[in-house]
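**Student:** what follows is a predicted protein model with its sequence.
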Amino acid sequence: PSPAPLPGAASPREGTSPAGAAGGHGEERPGPAAPSGSAVWRCEPEALRAAVAAQRGLPEDLLPLDRLQVIATVLGASDPLRHQLDPASVTDTGRRLIAGLVDAMPQLGEPQGESIAQRLWSRLCPAPPAPGLLHALQAALVLLADHELAASTLAARVAASARADPYAVVLTGLGVLGGPWHGGASYGAERLLAEVAEPRQATRAITDRLRRGERVPGFGHSIYKNGDGRGGALLDLVKEAAPGHERIAAGTAVLAEMRRRRLPERNIDFALAILAAVSGMVSGSGEAIFAVARAAGWLAHAMEEYERGTLLRLRASYTGPPIA
(Lines give C-alpha, C1' and ligand atoms only; values in the text may rest on other atoms or scores of the structure.)
Protein backbone atom coordinates (compact mmCIF):
# COMPACT_ATOMS: atom_id res chain seq x y z
CA PRO A 1 0.00 0.00 0.00
CA SER A 2 1.14 3.51 -0.74
CA PRO A 3 1.80 5.77 2.26
CA ALA A 4 -0.59 8.66 2.84
CA PRO A 5 0.24 11.95 1.14
CA LEU A 6 1.59 14.94 2.98
CA PRO A 7 -0.99 17.65 3.71
CA GLY A 8 -1.77 19.47 0.51
CA ALA A 9 -0.28 16.82 -1.78
CA ALA A 10 -2.38 15.22 -4.48
CA SER A 11 -2.92 11.47 -4.31
CA PRO A 12 -4.81 9.08 -6.58
CA ARG A 13 -5.93 7.23 -3.43
CA GLU A 14 -7.42 10.27 -1.73
CA GLY A 15 -11.09 9.77 -0.96
CA THR A 16 -10.90 6.03 -1.64
CA SER A 17 -8.58 4.70 1.06
CA PRO A 18 -8.23 5.19 4.82
CA ALA A 19 -4.55 5.97 4.27
CA GLY A 20 -5.55 9.57 3.54
CA ALA A 21 -6.44 10.01 7.22
CA ALA A 22 -2.87 10.50 8.28
CA GLY A 23 -2.50 13.88 6.67
CA GLY A 24 -5.79 15.24 7.97
CA HIS A 25 -7.50 15.63 4.56
CA GLY A 26 -11.17 16.35 4.21
CA GLU A 27 -12.38 15.91 7.80
CA GLU A 28 -15.54 18.02 7.99
CA ARG A 29 -18.65 18.15 10.14
CA PRO A 30 -22.02 18.13 8.39
CA GLY A 31 -22.89 21.68 7.44
CA PRO A 32 -21.73 23.74 4.46
CA ALA A 33 -21.35 21.79 1.25
CA ALA A 34 -18.04 19.97 1.20
CA PRO A 35 -15.71 20.29 -1.77
CA SER A 36 -16.09 17.58 -4.39
CA GLY A 37 -14.08 14.47 -3.51
CA SER A 38 -13.73 15.24 0.20
CA ALA A 39 -14.63 12.66 2.84
CA VAL A 40 -16.25 12.84 6.26
CA TRP A 41 -14.11 11.41 9.06
CA ARG A 42 -16.69 10.94 11.83
CA CYS A 43 -17.69 8.05 14.05
CA GLU A 44 -21.36 7.22 14.53
CA PRO A 45 -22.61 9.13 17.63
CA GLU A 46 -23.99 6.02 19.35
CA ALA A 47 -20.74 4.11 18.93
CA LEU A 48 -18.75 7.10 20.13
CA ARG A 49 -20.88 7.43 23.25
CA ALA A 50 -20.42 3.72 23.98
CA ALA A 51 -16.63 3.98 23.58
CA VAL A 52 -16.50 6.97 25.93
CA ALA A 53 -18.70 5.21 28.50
CA ALA A 54 -16.51 2.10 28.42
CA GLN A 55 -13.59 4.14 29.75
CA ARG A 56 -15.31 5.51 32.85
CA GLY A 57 -13.97 2.83 35.14
CA LEU A 58 -10.41 2.98 33.81
CA PRO A 59 -7.55 4.60 35.77
CA GLU A 60 -7.19 8.28 34.95
CA ASP A 61 -3.46 7.90 34.31
CA LEU A 62 -3.90 5.05 31.82
CA LEU A 63 -1.62 5.41 28.82
CA PRO A 64 -3.36 6.48 25.59
CA LEU A 65 -2.44 3.26 23.76
CA ASP A 66 -4.26 1.19 26.41
CA ARG A 67 -7.33 3.36 25.93
CA LEU A 68 -7.17 2.89 22.17
CA GLN A 69 -7.46 -0.88 22.57
CA VAL A 70 -10.61 -0.48 24.68
CA ILE A 71 -12.01 2.07 22.23
CA ALA A 72 -11.38 -0.12 19.18
CA THR A 73 -13.11 -3.08 20.86
CA VAL A 74 -16.25 -1.10 21.67
CA LEU A 75 -16.38 0.62 18.27
CA GLY A 76 -16.23 -2.76 16.56
CA ALA A 77 -18.98 -4.24 18.71
CA SER A 78 -21.14 -1.19 17.91
CA ASP A 79 -20.73 -1.27 14.11
CA PRO A 80 -23.21 -3.56 12.28
CA LEU A 81 -21.39 -2.88 9.00
CA ARG A 82 -18.02 -4.21 10.14
CA HIS A 83 -18.34 -7.51 8.26
CA GLN A 84 -18.72 -5.83 4.84
CA LEU A 85 -15.26 -6.30 3.37
CA ASP A 86 -15.55 -4.83 -0.12
CA PRO A 87 -13.11 -1.94 -0.75
CA ALA A 88 -15.67 0.87 -0.51
CA SER A 89 -17.13 -0.46 2.74
CA VAL A 90 -13.71 -0.96 4.33
CA THR A 91 -12.76 2.58 3.34
CA ASP A 92 -15.87 3.97 5.03
CA THR A 93 -15.27 1.76 8.07
CA GLY A 94 -11.69 3.00 8.24
CA ARG A 95 -12.84 6.61 8.39
CA ARG A 96 -15.31 5.84 11.18
CA LEU A 97 -12.77 3.74 13.06
CA ILE A 98 -9.87 6.22 12.95
CA ALA A 99 -12.16 9.13 13.81
CA GLY A 100 -13.57 7.12 16.72
CA LEU A 101 -10.13 6.20 18.04
CA VAL A 102 -9.30 9.89 18.26
CA ASP A 103 -12.62 11.38 19.34
CA ALA A 104 -13.32 8.82 22.09
CA MET A 105 -10.12 9.66 23.97
CA PRO A 106 -10.54 12.17 26.83
CA GLN A 107 -10.49 15.71 25.51
CA LEU A 108 -7.78 17.81 27.18
CA GLY A 109 -8.17 20.99 25.15
CA GLU A 110 -10.40 22.57 22.54
CA PRO A 111 -9.73 21.33 18.97
CA GLN A 112 -8.49 24.12 16.73
CA GLY A 113 -9.99 22.57 13.62
CA GLU A 114 -11.62 19.50 12.12
CA SER A 115 -8.63 17.53 10.82
CA ILE A 116 -7.60 14.27 12.45
CA ALA A 117 -4.32 15.90 13.49
CA GLN A 118 -6.09 18.85 15.15
CA ARG A 119 -8.52 16.59 16.98
CA LEU A 120 -5.75 14.23 18.06
CA TRP A 121 -3.74 17.16 19.43
CA SER A 122 -6.63 18.15 21.69
CA ARG A 123 -6.62 14.62 23.14
CA LEU A 124 -2.90 14.59 23.87
CA CYS A 125 -2.18 18.17 24.92
CA PRO A 126 -4.23 20.72 26.92
CA ALA A 127 -2.58 23.73 25.25
CA PRO A 128 -3.50 24.82 21.71
CA PRO A 129 -0.90 23.88 19.09
CA ALA A 130 1.66 26.22 17.62
CA PRO A 131 1.26 26.03 13.81
CA GLY A 132 4.73 24.56 13.31
CA LEU A 133 4.22 21.84 15.88
CA LEU A 134 0.82 20.95 14.45
CA HIS A 135 2.49 20.63 11.07
CA ALA A 136 5.06 18.31 12.67
CA LEU A 137 2.25 16.18 14.09
CA GLN A 138 0.61 15.99 10.66
CA ALA A 139 3.93 14.96 9.16
CA ALA A 140 4.39 12.29 11.85
CA LEU A 141 1.00 10.81 10.99
CA VAL A 142 2.01 10.60 7.34
CA LEU A 143 5.49 9.24 8.02
CA LEU A 144 4.08 6.50 10.27
CA ALA A 145 1.06 5.47 8.21
CA ASP A 146 2.84 2.56 6.55
CA HIS A 147 6.27 0.96 6.76
CA GLU A 148 6.26 -2.25 4.78
CA LEU A 149 5.87 -5.49 6.79
CA ALA A 150 6.67 -4.30 10.30
CA ALA A 151 5.71 -6.76 13.05
CA SER A 152 2.30 -5.19 13.70
CA THR A 153 1.52 -4.97 9.98
CA LEU A 154 2.39 -8.61 9.39
CA ALA A 155 0.11 -9.57 12.28
CA ALA A 156 -2.66 -7.37 10.87
CA ARG A 157 -2.31 -8.97 7.43
CA VAL A 158 -2.54 -12.46 8.92
CA ALA A 159 -5.75 -11.44 10.71
CA ALA A 160 -7.20 -9.93 7.53
CA SER A 161 -6.33 -13.04 5.51
CA ALA A 162 -8.57 -15.00 7.88
CA ARG A 163 -11.35 -12.49 7.05
CA ALA A 164 -11.20 -10.78 10.43
CA ASP A 165 -13.18 -7.54 10.27
CA PRO A 166 -11.35 -4.16 10.12
CA TYR A 167 -11.75 -3.50 13.85
CA ALA A 168 -10.23 -6.90 14.67
CA VAL A 169 -7.40 -6.15 12.23
CA VAL A 170 -6.64 -2.87 13.99
CA LEU A 171 -6.90 -4.52 17.42
CA THR A 172 -4.38 -7.13 16.27
CA GLY A 173 -2.02 -4.39 15.18
CA LEU A 174 -2.46 -2.47 18.42
CA GLY A 175 -1.61 -5.53 20.46
CA VAL A 176 1.73 -5.91 18.69
CA LEU A 177 2.49 -2.19 18.39
CA GLY A 178 2.70 -1.67 22.15
CA GLY A 179 5.74 -3.92 22.49
CA PRO A 180 8.87 -2.04 23.64
CA TRP A 181 10.74 -3.18 20.52
CA HIS A 182 8.10 -1.67 18.24
CA GLY A 183 5.81 1.35 18.70
CA GLY A 184 6.23 1.18 22.47
CA ALA A 185 9.83 2.32 22.05
CA SER A 186 8.65 5.94 21.88
CA TYR A 187 7.34 5.63 25.46
CA GLY A 188 10.77 4.43 26.57
CA ALA A 189 12.36 7.33 24.70
CA GLU A 190 10.00 9.74 26.48
CA ARG A 191 11.17 8.39 29.83
CA LEU A 192 14.80 8.68 28.74
CA LEU A 193 14.34 12.34 27.81
CA ALA A 194 12.55 13.00 31.11
CA GLU A 195 15.72 11.94 32.93
CA VAL A 196 17.78 14.51 31.05
CA ALA A 197 16.71 17.70 32.79
CA GLU A 198 19.73 19.45 31.30
CA PRO A 199 22.13 18.38 28.53
CA ARG A 200 25.01 17.33 30.81
CA GLN A 201 22.78 14.57 32.27
CA ALA A 202 22.62 12.71 28.95
CA THR A 203 25.82 10.77 29.68
CA ARG A 204 24.49 9.38 32.94
CA ALA A 205 21.10 8.45 31.48
CA ILE A 206 22.72 6.41 28.71
CA THR A 207 25.40 4.90 30.96
CA ASP A 208 22.79 3.65 33.42
CA ARG A 209 20.85 1.86 30.70
CA LEU A 210 23.93 0.24 29.24
CA ARG A 211 25.06 -0.87 32.69
CA ARG A 212 21.71 -2.60 33.20
CA GLY A 213 22.10 -4.33 29.84
CA GLU A 214 19.14 -2.49 28.34
CA ARG A 215 18.58 -1.12 24.88
CA VAL A 216 18.64 2.65 24.61
CA PRO A 217 15.05 3.35 23.46
CA GLY A 218 14.62 5.43 20.33
CA PHE A 219 17.88 4.26 18.76
CA GLY A 220 18.69 1.58 16.24
CA HIS A 221 16.58 -0.02 13.52
CA SER A 222 16.76 -3.41 11.85
CA ILE A 223 16.51 -1.79 8.40
CA TYR A 224 18.24 1.59 8.82
CA LYS A 225 21.80 1.05 9.95
CA ASN A 226 22.83 4.66 9.34
CA GLY A 227 19.80 6.41 10.79
CA ASP A 228 16.06 6.42 10.17
CA GLY A 229 15.22 9.06 7.58
CA ARG A 230 11.72 9.42 8.98
CA GLY A 231 13.18 10.40 12.34
CA GLY A 232 15.50 12.92 10.74
CA ALA A 233 12.66 14.55 8.80
CA LEU A 234 10.44 14.80 11.88
CA LEU A 235 13.25 16.15 14.06
CA ASP A 236 13.96 18.86 11.52
CA LEU A 237 10.33 19.98 11.61
CA VAL A 238 10.28 20.09 15.42
CA LYS A 239 13.52 22.09 15.52
CA GLU A 240 12.14 24.53 12.97
CA ALA A 241 8.90 24.91 14.95
CA ALA A 242 10.54 25.44 18.36
CA PRO A 243 14.13 26.66 17.91
CA GLY A 244 16.12 26.78 21.13
CA HIS A 245 13.61 24.73 23.15
CA GLU A 246 15.20 23.08 26.19
CA ARG A 247 13.81 19.65 25.28
CA ILE A 248 15.45 19.89 21.87
CA ALA A 249 18.73 20.71 23.60
CA ALA A 250 18.31 17.64 25.82
CA GLY A 251 17.58 15.47 22.81
CA THR A 252 20.59 16.86 20.94
CA ALA A 253 22.80 15.99 23.92
CA VAL A 254 21.48 12.42 23.93
CA LEU A 255 22.16 12.14 20.19
CA ALA A 256 25.70 13.47 20.62
CA GLU A 257 26.44 11.04 23.44
CA MET A 258 25.17 8.08 21.43
CA ARG A 259 27.35 9.10 18.49
CA ARG A 260 30.37 9.62 20.75
CA ARG A 261 30.00 6.01 21.87
CA ARG A 262 29.45 4.84 18.27
CA LEU A 263 26.09 3.37 19.24
CA PRO A 264 23.11 2.99 16.85
CA GLU A 265 21.55 6.09 15.29
CA ARG A 266 18.21 7.61 16.27
CA ASN A 267 14.94 6.40 14.79
CA ILE A 268 11.37 7.66 14.43
CA ASP A 269 10.53 6.74 18.04
CA PHE A 270 13.13 9.17 19.39
CA ALA A 271 11.78 11.94 17.15
CA LEU A 272 8.25 11.22 18.40
CA ALA A 273 9.47 11.52 21.99
CA ILE A 274 11.00 14.92 21.27
CA LEU A 275 7.82 16.09 19.51
CA ALA A 276 5.75 15.03 22.53
CA ALA A 277 8.14 16.67 25.02
CA VAL A 278 8.39 19.97 23.13
CA SER A 279 4.62 20.10 22.64
CA GLY A 280 3.83 19.35 26.30
CA MET A 281 1.84 16.23 25.46
CA VAL A 282 0.81 13.66 28.05
CA SER A 283 2.90 10.59 28.75
CA GLY A 284 2.59 7.91 26.07
CA SER A 285 1.55 10.32 23.33
CA GLY A 286 4.16 9.01 20.91
CA GLU A 287 2.59 5.54 21.01
CA ALA A 288 -0.85 7.04 20.37
CA ILE A 289 0.37 9.05 17.37
CA PHE A 290 2.04 5.92 16.02
CA ALA A 291 -1.13 3.85 16.53
CA VAL A 292 -3.57 6.31 14.94
CA ALA A 293 -1.27 6.74 11.94
CA ARG A 294 -0.54 3.05 11.44
CA ALA A 295 -4.23 2.12 11.66
CA ALA A 296 -4.56 3.60 8.17
CA GLY A 297 -1.72 1.43 6.92
CA TRP A 298 -3.07 -1.72 8.57
CA LEU A 299 -6.42 -1.20 6.87
CA ALA A 300 -4.77 -0.62 3.50
CA HIS A 301 -2.90 -3.91 3.93
CA ALA A 302 -6.14 -5.57 5.04
CA MET A 303 -7.87 -4.45 1.85
CA GLU A 304 -5.18 -6.21 -0.15
CA GLU A 305 -5.67 -9.42 1.86
CA TYR A 306 -9.46 -9.26 1.48
CA GLU A 307 -9.02 -8.97 -2.29
CA ARG A 308 -6.42 -11.77 -2.40
CA GLY A 309 -8.86 -14.15 -0.76
CA THR A 310 -6.45 -16.78 0.57
CA LEU A 311 -5.31 -17.55 4.11
CA LEU A 312 -1.81 -16.32 4.90
CA ARG A 313 -0.37 -19.52 6.37
CA LEU A 314 3.29 -19.53 7.42
CA ARG A 315 5.11 -22.85 7.62
CA ALA A 316 7.58 -24.13 10.20
CA SER A 317 10.41 -26.65 9.89
CA TYR A 318 11.25 -28.91 12.83
CA THR A 319 14.86 -28.41 13.98
CA GLY A 320 14.84 -30.31 17.29
CA PRO A 321 16.38 -33.68 18.13
CA PRO A 322 15.64 -36.58 15.77
CA ILE A 323 12.32 -38.30 16.40
CA ALA A 324 12.68 -42.05 16.86
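**Tutor:** Yes, it's here. Residues are numbered from 1 along each chain as shown.
**Student:** please enumerate the helices of this protein.
**Tutor:** 45-53, 64-77, 87-103, 116-124, 131-143, 151-161, 166-177, 185-194, 202-211, 229-241, 246-260, 268-279, 285-308 (DSSP state H).
**Student:** same list (the ones you listed) but as JSON lines, adding mean neighbour count, mean pLDDT and distance to Ser317.
**Tutor:** For the C-beta atoms, the positions are set from N, CA and C on the backbone; glycine is no exception. As requested, the helices of the chain are exported to JSON lines (neighbours: other Cβ atoms under 10 Å; pLDDT from 0 to 100; distance: least, Cβ to Cβ, whole Å):
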{"stretch": "helix 45-53", "mean neighbour count": "16", "mean pLDDT": "97", "distance to Ser317": "43"}
{"stretch": "helix 64-77", "mean neighbour count": "21", "mean pLDDT": "97", "distance to Ser317": "34"}
{"stretch": "helix 87-103", "mean neighbour count": "22", "mean pLDDT": "97", "distance to Ser317": "35"}
{"stretch": "helix 116-124", "mean neighbour count": "25", "mean pLDDT": "97", "distance to Ser317": "44"}
{"stretch": "helix 131-143", "mean neighbour count": "23", "mean pLDDT": "97", "distance to Ser317": "37"}
{"stretch": "helix 151-161", "mean neighbour count": "22", "mean pLDDT": "96", "distance to Ser317": "19"}
{"stretch": "helix 166-177", "mean neighbour count": "25", "mean pLDDT": "97", "distance to Ser317": "24"}
{"stretch": "helix 185-194", "mean neighbour count": "23", "mean pLDDT": "92", "distance to Ser317": "31"}
{"stretch": "helix 202-211", "mean neighbour count": "15", "mean pLDDT": "94", "distance to Ser317": "36"}
{"stretch": "helix 229-241", "mean neighbour count": "19", "mean pLDDT": "95", "distance to Ser317": "35"}
{"stretch": "helix 246-260", "mean neighbour count": "18", "mean pLDDT": "95", "distance to Ser317": "38"}
{"stretch": "helix 268-279", "mean neighbour count": "28", "mean pLDDT": "96", "distance to Ser317": "33"}
{"stretch": "helix 285-308", "mean neighbour count": "25", "mean pLDDT": "97", "distance to Ser317": "24"}
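**Student:** right, and these - which one's nearest Leu314?
**Tutor:** Closest of these to Leu314 is helix 151-161, at 8.0 Å (criterion: Cβ to Cβ).
**Student:** show me the contacts for the most centrally placed residue in the chain.
**Tutor:** Centroid-nearest residue in the chain, with Cα atoms, centre = their mean: Phe290, separated by 1.4 Å. Shown in contact with Phe290 (Cβ atoms under 8 Å, 6 or more residues apart in numbering): 144, 177, 183, 186, 269, 272.
**Student:** hmm, which two among those are most spread apart?
**Tutor:** Leu177 and Leu272 (12.5 Å).
**Student:** which pLDDT value belongs to the closest residue to Ala293 other than its chain neighbours?
**Tutor:** Residue nearest to Ala293 in three dimensions, not counting chain neighbours: Leu144, with 3.7 Å by Cβ to Cβ, 6 or more residues apart in numbering. pLDDT, Leu144: 97.
**Student:** can you report how many residues lie near Leu144?
**Tutor:** 27 (other Cβ atoms under 10 Å).
**Student:** counting neighbours, what do you get for Pro199?
**Tutor:** Neighbours of Pro199 under the rule other Cβ under 10 Å: 16.
**Student:** how much space separates the nearest residue to it once chain neighbours are set aside from Gly179?
**Tutor:** With Cβ to Cβ, 6+ apart as the criterion, Pro199 has its nearest non-adjacent residue at 3.5 Å, and that residue is Ala253. Between Ala253 and Gly179 the computed distance is 28 Å (Cβ to Cβ, to the nearest Å).
**Student:** what's the answer for Gln138, then?
**Tutor:** Distance from Gln138 to Gly179, by Cβ to Cβ: 26 Å.
**Student:** contacts only, for Ile274.
**Tutor:** 193, 235, 238, 247-248, 251.
**Student:** again, only using 10 Å
**Tutor:** By Cβ atoms under 10 Å, 6 or more residues apart in numbering, the contact list for Ile274 reads 136, 186, 189-190, 193, 218, 231, 234-235, 238-239, 242, 245, 247-248, 250-252, 254-255, 266, 286.
**Student:** same deal with Pro131?
**Tutor:** Counting by Cβ under 10 Å, 6+ apart, Pro131 has contacts 112, 241.
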